[in-house]
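**Student:** Structure for this input, please:
(chains A and B)
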2 protein chains.
Amino acid sequence: MKLNFEREKLLNALSVVSKAIPGRTTNDILECALFNITDEGIIISANNNELGIETKIDGISHGFGKAAIDLKLMLDIVRKLDFPDGRINIKIDDENFITTISSGKSVFKIQARNGEEFNYLPDININNSVSISQFALKEVIKQTVFAANVNDTNKMTGGELIELDENMLKFVALDGYRVSIRHIMLNEGFKNDKCVIPAKNLIEIGRIIEGDSEKKITIYFSDNHVMFKYDTTSVISRIMTGEYFDLKYMLSSDYETKVRLSRLSLLNSIDRALVFIRENNNKPLIFEISDETLKLRMESIYGSMNDEIECDKSGNNIMIAFNPKYFIDALKAVDDEFVDIYMTNSRSPCFIRDANGMYIYLILPVNFVA
Amino acid sequence: MKLNFEREKLLNALSVVSKAIPGRTTNDILECALFNITDEGIIISANNNELGIETKIDGISHGFGKAAIDLKLMLDIVRKLDFPDGRINIKIDDENFITTISSGKSVFKIQARNGEEFNYLPDININNSVSISQFALKEVIKQTVFAANVNDTNKMTGGELIELDENMLKFVALDGYRVSIRHIMLNEGFKNDKCVIPAKNLIEIGRIIEGDSEKKITIYFSDNHVMFKYDTTSVISRIMTGEYFDLKYMLSSDYETKVRLSRLSLLNSIDRALVFIRENNNKPLIFEISDETLKLRMESIYGSMNDEIECDKSGNNIMIAFNPKYFIDALKAVDDEFVDIYMTNSRSPCFIRDANGMYIYLILPVNFVA
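**Tutor:** Below you'll find the predicted structure:
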């Protein structure tokens, strides 16, 4: 097989499918991308059984066939073949799979593998689908996924719930100490559906899409997989089996204290308290809320911080403490200039949410010594 | 004592002296900066016995005295006290050394220590001095220090030679496989002098100075120390004792082959070969030089690269191999569009040098199988 690509297009395609290459593996076929040339075009794919990505790429091809090529090595080579003409030639020997990658006078030879060894992407029986803008998806991932236990894909806290409820698409992540909920309003009603996919996969999807607000991405639901599709690229994630947490018991609209304040003032103040947080040494940040002021206080073996910011309070005075990092994550996920914080008492969850509940961030308080 | 600083000035001073704070230490006084307030002004210093830095800072002070403050913590606090008025208040209790750092409504309290515990910077009896532009010093450090064994300050290969020879200031670093030599021409003659200081310290000095070509820095030689002084900042490095290597035996102006070629073409081509270099797996890069072409070749278990670049050759054809990383370091340290490379045979050192020897990079070849 002979192939010829515009360097930028090839780089982009390789970079997209590389998101399905595991960081470390002893199974080296997982480090390969499959080049599959058929009469339908040139398709590059990678699949680590958790996440599979395939993309169709523009290019000139002679001959049909397939081969699996070490993707990291190929990316390195193509990145460095940066010549003015900007085109990359690839020749794959159909017998021994020796692959020649060249541009200008630079010629690289690497050993590819028989494409038959490659673990193909699963076929999907689509039950349902919904389209949103790439921008909306990229944002909602960033705004929720931090609350999941990203590194633990064996537990449901390592997943993120995607729920389609008529004209509302909902994303939920939680780790037992906090919950992130975001709703995206859709222009039309859809059939209800839901699934939980590894938060890790969702992060990779957020990295792949450019976040253009004019471009759409479609989410396809099936029994065992979810597929995200845009342009000529499909990303397939496995679904996590098991029941997700029942949010009804966590959420409540009752409160005893409501505070409205400048998001950035609070964010900066909490961020300052982090100077006393060193590894494995989480200290509570105490909020003392009375009329018109939120006082923040942190004590640690390294020193203490006291700060004060203006706020609009309604309801009771309250003293309550938090893990400052959780509060920072939630405040960073909001764009509003002012935020409303709802509290009941020093042992009940605190909510940061907007008036119509399009976003809800729940944070559990921590114990403290006043 | 009470102090008041412009935040930017304080940040800058703390950041400069922080270069003398060791990355890891179990001796926590080494993590402190000394604030010394006398009738001569406010001086901040840090000293790790290898490198000492002191800087005089503009600020308002009430009272005299000294205290040693955890510098990393203080830097973190001052960085985060980013309020519109931009001033930082510091109050140090003369009895218990509790230090209050505040700005706006944010108040930090940390425990400082008695300044008497602090390891003062050495007094220096100056024998000789030379002034050059900060730009020249910053550049020459970058252009030579990579050839030293930076992490091994117990051996002379971990040092860098600074030699003053009449109107020439010379910097030399070497690690047994390569040598970097740079000369700076001075406007006047100076008394001869030389010393070897830890390359690590020179790197920190390069980081501290801004590299302004209009501003001078003076190098003071003494028996046990070298001091670099600019504006109100002094940086003092210990001198390494022992004889430095005799360069006479390494350098030679004889050659059998001279090649002139585009520095960037060669640099890019060698850089491409690095795709096959993984940790602890250095493969030789073979240069095959005949009339008008330099062919490069690398073979590894991951694959092979062949490349070809144009050159002007005089003298014999030659085949010779190098550690590609050493060649890249040397080529990056040169600004010229074209470089001259001098070789004798496949077992003798290769030289990259300009016509008048202002820079000389020696690289030892490696064995290879043709």
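**Student:** how far away is residue A:19 from chain B?
**Tutor:** Using CB to the nearest CB, to the nearest Å, residue A:19 is found at 20 Å from chain B. C-betas here are computed from N, CA, C, even on glycine.
**Student:** Contacts only, for that residue.
**Tutor:** Listed by CB atoms under 8 Å, 6 or more residues apart in numbering or on different chains, the contact set of residue A:19 reads A:46, A:51, A:53, A:204, A:207, A:208, A:235.
**Student:** That one: what secondary structure?
**Tutor:** helix (DSSP: H, G, I helix; E, B strand; the rest coil).
**Student:** Let's see the pLDDT reported for it.
**Tutor:** Looking at residue A:19, its pLDDT is 96.
**Student:** Repeat that for residue A:116.
**Tutor:** Value for residue A:116, per-residue pLDDT: 89.
**Student:** what kind of secondary structure is the residue nearest to it when sequence neighbours are not counted in?
**Tutor:** Closest residue to residue A:116 apart from its sequence neighbours, by CB to CB, 6 or more residues apart in numbering or on different chains: residue A:66 at 7.8 Å. Look at residue A:66: counting by three-state DSSP, its state is strand.
**Student:** Would you mind confirming that residue A:66 makes contact with residue A:36?
**Tutor:** Yes: look at residue A:66 against residue A:36 with CB atoms under 8 Å: they come within range, at 4.3 Å.
**Student:** which among the contacts of residue A:19 gets closest to residue B:112?
**Tutor:** residue A:207 (44.7 Å; CB to CB).
**Student:** where does the closest one land in three-state SS?
**Tutor:** helix.
**Student:** Distance of it relative to chain B?
**Tutor:** 23 Å.
**Student:** Leaving out chain neighbours, which residue sits closest to that residue?
**Tutor:** Residue A:207 sits nearest to residue A:19 (CB to CB, 6+ apart), 6.1 Å away.
**Student:** same deal with residue A:351?
**Tutor:** Per CB to CB, 6+ apart, closest to residue A:351 is residue A:342, 4.4 Å.
**Student:** Over to residue A:284?
**Tutor:** residue A:321 (3.7 Å).
**Student:** Can you show me the helices along the stretch 151-300 of chain A?
**Tutor:** In the stretch 151-300 of chain A, the helices defined using DSSP state H, counting those that start in this stretch lie at A:199-208, A:263-273.
**Student:** I'd like these written out as TSV, with mean neighbour count and mean pLDDT added.
**Tutor:** Converted to TSV, the helices of the stretch 151-300 of chain A look like this (neighbours: other CB atoms under 10 Å in any protein chain shown; pLDDT from 0 to 100):
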stretch	mean neighbour count	mean pLDDT
helix A:199-208	21	96
helix A:263-273	20	97
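**Student:** Nearest approach to residue B:302 belongs to which of these?
**Tutor:** Per CB to CB, nearest to residue B:302 of the helices of the stretch 151-300 of chain A: helix A:199-208, 25.5 Å.
**Student:** Quick check: closest non-adjacent residue to residue A:262.
**Tutor:** Using CB to CB, 6+ apart, the closest residue to residue A:262 is residue A:338 (6.0 Å).
**Student:** Next, the contact list for that neighbour, please.
**Tutor:** Taking CB under 8 Å, 6+ apart, one finds A:260, A:261, A:262, A:263 in contact with residue A:338.
**Student:** who wins for most neighbours among those residues?
**Tutor:** residue A:261 (20 neighbours; other CB atoms under 10 Å in any protein chain shown).
**Student:** Please list the residues of the stretch 101-250 of chain A that sit near chain B.
**Tutor:** A:105, A:106, A:107, A:108, A:109, A:110, A:111 (CB under 8 Å from any CB of the partner chain).
**Student:** So among the residues you listed, which ones count as buried?
**Tutor:** A:106, A:107, A:108, A:109, A:110 (16 or more other CB atoms under 10 Å in any protein chain shown).
**Student:** Could you verify my assumption that the third one touches residue A:90?
**Tutor:** Read that as residue A:108. No: between residue A:108 and residue A:90 there is no contact under CB under 8 Å: 9.8 Å.
**Student:** Next, show the common contact partners of the two.
**Tutor:** A:100, A:101.
**Student:** start to end distance for stretch A:171-189?
**Tutor:** 17 Å (CA to CA, to the nearest Å).
**Student:** no, scratch that, I was asking about stretch A:14-32
**Tutor:** End-to-end for stretch A:14-32, by CA to CA: 11 Å.
**Student:** How about stretch A:298-315?
**Tutor:** 24 Å.
**Student:** anything in it near chain B?
**Tutor:** Yes: residues of stretch A:298-315 contacting chain B under CB under 8 Å from any CB: A:302, A:303, A:304, A:305, A:306, A:307, A:308, A:309.
**Student:** Remind me which helix or strand the fourth one belongs to.
**Tutor:** For residue A:305, the element it lies in under DSSP states H and E is strand A:303-310.
**Student:** distance between that strand and the chain's centre?
**Tutor:** From the chain centre to the centre of strand A:303-310 is a distance of 33 Å (CA atoms, centre = their mean, to the nearest Å).
**Student:** same deal with stretch A:162-177?
**Tutor:** Using CA atoms, centre = their mean, the offset of stretch A:162-177 from its chain centre is 14 Å.
**Student:** Would you mind measuring the gap between the ends of it?
**Tutor:** End-to-end for stretch A:162-177, by CA to CA: 20 Å.
**Student:** where do the strands sit along the stretch 1-150 of chain A?
**Tutor:** A:2-6, A:32-38, A:41-47, A:51-57, A:60-62, A:65-70, A:87-92, A:98-103, A:106-111, A:113-114, A:128-133 (DSSP state E, counting those that start in this stretch).
**Student:** if we can go back for a sec, buried residues, the host helix or strand of the residue nearest to residue A:351. List them.
**Tutor:** Using DSSP H and E, residue A:342 sits within strand A:338-343. Buried residues in strand A:338-343, counted by 16+ other CB under 10 Å: A:339, A:340, A:341, A:342, A:343.
**Student:** Skipping its backbone neighbours, what lies nearest the first one in space?
**Tutor:** Right, residue A:339. residue A:263 (4.7 Å).
**Student:** how is chain A carved up into domains?
**Tutor:** A:2-117, A:128-248, A:252-363 (automatic domain parsing).
**Student:** if we compare those domains, which one ends up closest to residue B:4?
**Tutor:** It is, among those and with distance given as CB to CB, domain A:252-363, at 19.1 Å.
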